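# task: produce atomic coordinates for the following.
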Amino acid sequence: MTAQEQWPTTLPVIRARVARPTDRLDEVVRFYQEGVGLPFIERFEGAGYTGVLLGLPGVTYHLEFTQHVDGSPCPAPSRDNLLVLYMEDREAMDRIVARLADMGFPSVPPENPYWSADRSVTVEDPDGWRVVFMQIK
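Have a look, this model is predicted:
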């Protein structure tokens, strides 16, 4: 690990989680668990919330999706708010994208031309949030 890649000692974080609400909890979890392939970590309920944690590589990085009994509207803010998953294996990436398409989630054109079709694929989840699968060489 180079000096640029090391976590700063002045910020002693041991785990990171990205959380967002949804009104389509089961659909969103299915997209990320069955479609993308993220492993299930935990389901929780309390204080009017139901939530699901899915893991990212290293198990110290999580995605959390929550739904409140009174509703959890969560329109995607723009087509440039992205979850980017970098992958070395193009064949594995293509299999994931094909599985998502079979589930009814086809690829969409990226808003930013940086995410060119020759090295990445963009797919919208059930809430319209975008995931980019980016091939690195």
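
# surely residue 31 meets residue 126?
Yes: Residue 31 is within contact range of residue 126, at 5.7 Å (criterion: Cβ atoms under 8 Å). For every residue, glycine as well, the C-beta is placed using N, CA and C.

# those two: who's more crowded?
Taking other Cβ atoms under 10 Å, residue 31 and residue 126 do not tie; residue 31 has more neighbours (24 against 20).

# secondary structure class for the more buried one?
helix (DSSP: H, G, I helix; E, B strand; the rest coil).

# give the buried residues for the longest helix belonging to the chain.
Using DSSP state H to define each element, the chain has its longest helix at helix 90-102. Buried residues in helix 90-102, counted by 16 or more other Cβ atoms under 10 Å: 93, 96-97, 100.

# what helices or strands is that helix leaning on?
strand 120-124, strand 130-135 (3 or more Cβ pairs under 8 Å, 6 or more residues apart in numbering; DSSP states H and E).

# what pairs with the longest one, parallel or antiparallel?
Sheet pairing here is set by DSSP bridges, and for strand 130-135 it gives strand 82-87 (parallel), strand 120-124 (antiparallel).

# so where's this protein uncertain?
1-4, 57-59 (pLDDT under 70).

# report the central residue of it.
Centroid-nearest residue in the chain: residue 83, 5.1 Å away (criterion: Cα atoms, centre = their mean).

# what bridges to that residue?
Beta-bridge partners, per DSSP bridges, of residue 83: residue 131.

# in contact with it, which residues?
By Cβ atoms under 8 Å, 6 or more residues apart in numbering, the contact set of residue 83 is 18, 63, 129-132.
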